[in-house]
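Undergrad: Sequence plus the predicted model coming up.
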Amino acid sequence: MKVKVLSADPAEVKTPALVVLLYEEDKSGLKNRPELKSFSKFINPRLKAKDFEAKPGACLTLYPAKANAERLILVGMGPKAKCGPIQLKAAAALGSSTAKAQQAGSAALALPPLTVLDEQSCAEIISLGASLGQYSFDELKSPADLKPALQELALIRQPGKGLAAVRKAAQDGATLADSVAWARDMGNRPANLFYPEIMAAEAQNMAQASGITCQIITPAQAQKKGMGAFVGVGQGSQRPGRIIILNYQGGPAGGKPVVLVGKAITFDSGGISLKNREGMGDMKGDMSGGGAVLATLQAAAALKLKLNLIGIVAAAENMPDGGAYRPGDVLKAMNGKSIEIISTDAEGRLVLADALTLAQSYNPKAVVDLATLTGACVVALGSSCAAIMGNSPGLISELREASGRSGEMIWELPLVDEYNELIKSPVADIKNSGGRWGGSIIGGLFLQNFVEDKTAWAHLDIAGPAFMDKSSPGLPEGASGFGVQLLIKWLRS
Ligand code: BES
Ligand code: MN
Ligand code: ZN
């Protein structure tokens, strides 16, 4: 879907569908919405009859007689004072997905009067939300059963200064949405069709199209570099692993890069410590951290961010097999530490251990890793919120601030020093599981063993928000692409 911006009176725009975003305050009539004056004769009776109360998630389609818009899609945003990025994005997504479901072909959206955000931020988040509202994972379905996405969405603003800046913001929102959609596609693809070699090939294609350099490391090369933890995880699979390194140079030559690290287990069966059958299929999404890293690099290049950015994705498949690693095995990580395997299902931290060591060889300004690391994180924070842990309060507060503006929620968990006792091993330097309690924190503490104190590092456990078990506006069931929006907000500031 193409997004454009027009300065016009919404009533004058000829369109199959006009999306009208209403605040809860508007439910007593449209007196505060002069831009919608021409539509009040259609909308006010519906408000009066309480057919529509502008609550978040509410949506009502009207078919006005003798208007330039064939339909009006009313979408609720809730109270004006609470209408931030999350609400605007969801409302735009709902309006846009409704127009798609109605097979409108194209649509317009009247930008609402501003509240907590300035016009550019508002246009960007609405463009992003509306674009995400078009997303569905269709590539494995017969084309005959599909509803086509809208061709075009026109954002309608009041005539006045600043059109160029608003156009740029709307374009940025659509660009970001394309990268999020790519991350979702990767997460939704089944593991028989999407495995480390395919992920590496896609990364190479993206890099070539984006002016990013890409280097791929095979298991044999990884072994030579001493990446025994990464190699161990993948050794039970027919599908060889890959380390994908992307390098985007948008900043000064020689400037310290930010390094993003992603866990990409293309399927996590648990390995010899086999998972039970319920929901195992969702583990095709266990590469979501890596997917988010690739998509963030793509977006950074498309948005021409002025910084140096490296992405390292550790891609492997975790399978049980005669050649698989076992509980009790001891693996040697790239930084020299030996790791006793308690559970082959705690594999994410193993591939990340070596990827984090590699990350630090780039003399980074900061390292941020993303991983669907622990079920415990889903228990603690649910499916809308990721956990953040790390060794740098400054970096964590920057990421939390970006989280607020992006609408992708994160919450800090403490790296409780005492719990390091739980991952001491009698036979090796460290073990890969410390039992049930505090599982997400233990995951973070394990990773910290592979990060030098001088490196500013944050770990995002995205196990909850990476994969949705039910859909909500702009966020269909399945992979969410979580992290891309948050990281781009952070990298831009
Ligand atoms: N990929 C899983 C974590 C996960 C669980 C992500 C549910 C998304 C939804 C990870 O590799 C895993 O299996 N973690 C174990 C760790 C344990 C063995 C220490 C877990 O959480 O049970
Ligand atoms: Mn696992
Ligand atoms: Zn996993």
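TA: Sure, I can see it. Ligands and ions are numbered 1, 2, ... in the order given.

Undergrad: how about the nearest residue to the one residue in the chain that gets nearest to ligand 2, chain neighbours excluded?
TA: Here the chain gets closest to ligand 2 at one residue, Asp345, 3.9 Å apart by Cβ to the ion. All C-beta spots, glycine's among them, are computed from the backbone N, C-alpha and C. Closest residue in space to Asp345, ignoring its immediate chain neighbours: Gly270 at 3.9 Å, by Cβ to Cβ, 6 or more residues apart in numbering.

Undergrad: contacting residues around the one you found?
TA: Asn318, Pro320, Ser343, Thr344, Asp345 (Cβ atoms under 8 Å, 6 or more residues apart in numbering).

Undergrad: Which pair in these has the greatest spatial separation?
TA: Pro320 and Ser343 (12.5 Å; Cβ to Cβ).

Undergrad: List the beta-bridge partners for the residue of the chain at minimum distance from ligand 3.
TA: Nearest residue of the chain to ligand 3, counting by Cβ to the ion: Asp268, 3.7 Å away. Beta bridges link Asp268 to Asn318, judged by DSSP bridges.

Undergrad: Can you give me the neighbour number for it?
TA: Per other Cβ atoms under 10 Å, the neighbour tally for Asp268 reads 26.

Undergrad: Show me how far stretch 68-82 is from its chain's centre.
TA: 26 Å (Cα atoms, centre = their mean, to the nearest Å).

Undergrad: correction: stretch 13-31
TA: Distance, centroid of stretch 13-31 to centroid of chain: 30 Å (Cα atoms, centre = their mean).

Undergrad: Please identify the buried residues of it?
TA: 13, 15-27, 30 (16 or more other Cβ atoms under 10 Å).

Undergrad: what's the farthest-apart pair in those?
TA: Top of the distance list for the buried residues of stretch 13-31 (Cβ to Cβ): Pro16 and Glu25, 28.5 Å.

Undergrad: still on that earlier bit, could you give me the ChimeraX selection string for whichever of the contacts of Gly270 are buried?
TA: Burial among these is assessed by 16+ other Cβ under 10 Å; the matching ChimeraX selection reads:
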select :318,320,344,345
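
Undergrad: Where helices are concerned, which of the contacts of Gly270 count?
TA: Using DSSP state H to define helices, no part of the contacts of Gly270 is located there.

Undergrad: Can you show me the CA trace of stretch 180-199 as PDB?
TA: Extracted in PDB, the C-alpha atoms of stretch 180-199 (Å, rounded to 0.1, in the frame of the first residue of the first chain):
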ATOM      1  CA  VAL A 180       8.200  -5.000  10.200                       C
ATOM      2  CA  ALA A 181       6.200  -6.900   7.600                       C
ATOM      3  CA  TRP A 182       9.400  -8.600   6.500                       C
ATOM      4  CA  ALA A 183      10.300  -9.600  10.100                       C
ATOM      5  CA  ARG A 184       6.700 -11.000  10.400                       C
ATOM      6  CA  ASP A 185       7.000 -13.000   7.200                       C
ATOM      7  CA  MET A 186      10.200 -14.600   8.500                       C
ATOM      8  CA  GLY A 187       8.600 -15.400  11.800                       C
ATOM      9  CA  ASN A 188       5.600 -16.900  10.200                       C
ATOM     10  CA  ARG A 189       7.400 -19.100   7.600                       C
ATOM     11  CA  PRO A 190       7.400 -22.700   8.700                       C
ATOM     12  CA  ALA A 191      10.700 -24.300   9.600                       C
ATOM     13  CA  ASN A 192      10.600 -26.700   6.600                       C
ATOM     14  CA  LEU A 193      10.700 -23.700   4.300                       C
ATOM     15  CA  PHE A 194      12.800 -21.300   6.400                       C
ATOM     16  CA  TYR A 195      16.000 -22.500   7.900                       C
ATOM     17  CA  PRO A 196      19.400 -21.000   8.500                       C
ATOM     18  CA  GLU A 197      20.700 -21.200   4.900                       C
ATOM     19  CA  ILE A 198      17.500 -19.500   3.700                       C
ATOM     20  CA  MET A 199      17.700 -16.800   6.300                       C
END
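
Undergrad: Doesn't Val116 lie inside a helix?
TA: No. Read with DSSP: H, G, I helix; E, B strand; the rest coil, Val116 is coil and lies in no helix.

Undergrad: tally of neighbours for it?
TA: Val116 - counted by other Cβ under 10 Å - has 14 other residues nearby.

Undergrad: Checking the residue nearest to Ile342 when sequence neighbours are not counted next. Helix, strand or coil?
TA: Using Cβ to Cβ, 6+ apart and skipping the chain neighbours, the partner closest in space to Ile342 is Ser433 (4.0 Å). Assigned by three-state DSSP, the conformation of Ser433 is coil.

Undergrad: Please apply the same query to the one 4 residues further on.
TA: Reduced to three states with three-state DSSP, the structure at Trp437 is coil.

Undergrad: Give me the pLDDT for it.
TA: Note for Trp437: predicted pLDDT of 97.

Undergrad: Distance of it relative to Gly382?
TA: 19 Å (Cβ to Cβ, to the nearest Å).

Undergrad: who in this protein is up against ligand 2?
TA: Asp268, Asp345, Glu347 (Cβ under 5 Å from the ion).

Undergrad: hang on, the earlier thing: just give me the neighbour total for the residue nearest to Ile342.
TA: That count, for Ser433 with other Cβ under 10 Å as the rule, works out to 21.

Undergrad: could we number from 58 for the rest of this?
TA: All right, first residue 58 from here; so that's Ser490.

Undergrad: Could you list the contact residues of this structure toward ligand 1?
TA: 325, 343, 400, 402-405, 429-433, 435, 490, 496, 520 (Cβ under 6 Å from any ligand atom).

Undergrad: at 5 Å instead, please
TA: Neighbours of ligand 1 within the chain, by Cβ under 5 Å from any ligand atom: Asp325, Asp343, Ser400, Asp402, Ala403, Gly405, Thr429, Thr431, Gly432, Ser490, Ala520.

Undergrad: Wait, the second one touches Asp402, no?
TA: Okay, so that is Asp343. No. The pair Asp343 / Asp402 is not scored as a contact, 10.6 Å apart, by Cβ atoms under 8 Å.

Undergrad: list residues touching both of these two?
TA: Common neighbours of Asp343 and Asp402, using Cβ under 8 Å, 6+ apart, are Asp325, Asn375.

Undergrad: how about the strands in the stretch 208-357 of the chain?
TA: Remark: strands assigned in the stretch 208-357 of the chain by DSSP state E, counting those that start in this stretch are 209-214, 270-274, 299-306, 315-325.

Undergrad: The shortest one pairs with which strands, and in what direction?
TA: Translated: strand 270-274. When DSSP bridges is applied, strand 270-274 pairs with strand 299-306 (antiparallel).
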